[in-house]
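Peer 1: What follows is a predicted protein model with its sequence.
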Amino acid sequence: MTERDHAPGTGRLLTGVAWALLLLGLWLWGREVTDLREGISAPTTGDVAAVGRPAQAELPPPAPPLADAGPQRLDIPGIGVQAPVVARGLDRAGAIDPPPYDQAGTVGWYAAGAKPGAAGTALMVGHVDTETRPAVFYKVSTLQPGARIRVVRDDGRVAEFTVDDVQVLTRDDFDAQRAYGPRESGRAELRLITCGGTFDRTTRSYTANVIVSAYLTSTAR
């Protein structure tokens, strides 16, 4: 997701339109909103498969939200992700500041928003690739409803989420409520956000964003 520019010393930043969309999302959803970013030199894999994917899995009921606690690690067993999580804020342009480009295996959590496992929508962002290799969220678009996501928290508990929706939203079709809004009021929800579609070499950004929605279904220690 959010990848940097090829030019030395510069970031691959969002286009003006993408910045505006993220700012609109922050305005509409306050603490429940986060990022939109682009990626790198080649199209991601798996994004087309996510479009219109039917929810065939029988999904479990939601678990009661947990108390507030910060995330330490994100595990997605189905795609081999086991990544540290770092708190991130907004940059000067008003967008979520992703992990540094040289930490493409790290996940960023929007620390001004909900904490994973607590009531509300916790937002996590990750790079899809770098100039030379896949990054932490490279396979996120291949997740299907029913897939499990685990967040290890700093209170010693593990919040276990179940994926209920995967969407690929083009920049032209982006809707802040659809991307960041809660699916059901009162639940503890999680969004994983990365880049998708194809890489536009003219604007130096991806044409879409992958939004994975999940909700808390169990906890462990």
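Peer 2: Yep, it's here.
Peer 1: Show me what the lengthiest strand in the chain is packed against.
Peer 2: With DSSP state E setting the assignment, residue counts place strand 205-220 as the longest strand in the chain. Packed against strand 205-220 by the contact rule (3 or more C-beta pairs under 8 Å, 6 or more residues apart in numbering; DSSP states H and E) you find helix 47-50, strand 158-170, strand 188-200. Quick note: C-beta positions are derived from backbone N, CA and C, even for glycine.
Peer 1: Redo the ones you listed as CSV? Include mean neighbour count, distance to residue 151 and mean pLDDT.
Peer 2: Compiled in CSV, those are given as follows (neighbours: other C-beta atoms under 10 Å; distance: least, C-beta to C-beta, whole Å; pLDDT from 0 to 100):
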stretch, mean neighbour count, distance to residue 151, mean pLDDT
helix 47-50, 18, 21, 40
strand 158-170, 21, 5, 94
strand 188-200, 25, 7, 90
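Peer 1: picking that back up, sheet partners, orientation included, of the longest strand of the chain?
Peer 2: Neighbouring strands of strand 205-220 in its sheet, by DSSP bridges, are strand 158-170 (antiparallel), strand 188-200 (antiparallel).
Peer 1: Which of the ones you listed sits closest to residue 91?
Peer 2: Using C-beta to C-beta as the measure, strand 188-200 is the one of the strands paired with strand 205-220 that comes nearest residue 91, at 15.4 Å.
Peer 1: ok, the nearest residue to residue 167 once chain neighbours are set aside to residue 128 distance?
Peer 2: In space, not counting the residues next to it along the chain, residue 167 is nearest to residue 211; the distance is 4.8 Å by C-beta to C-beta, 6 or more residues apart in numbering. Using C-beta to C-beta, to the nearest Å, one obtains 13 Å as the distance from residue 211 to residue 128.
Peer 1: Neighbour count: those two, which is higher?
Peer 2: Under the criterion of other C-beta atoms under 10 Å, the comparison of residue 211 against residue 128 puts residue 128 first, with 33 against 23.
Peer 1: Just the buried positions in the longest strand of the chain, please.
Peer 2: Of the residues in strand 205-220, those scored as buried under the neighbour-count criterion (16 or more other C-beta atoms under 10 Å) are 205-217, 219.
Peer 1: go on, stretch 83-99?
Peer 2: Neighbour counts using 16+ other C-beta under 10 Å place 83, 85, 86, 88, 90, 95, 96, 97, 98, 99 of stretch 83-99 among the buried residues.
Peer 1: Sounds good, over and out.
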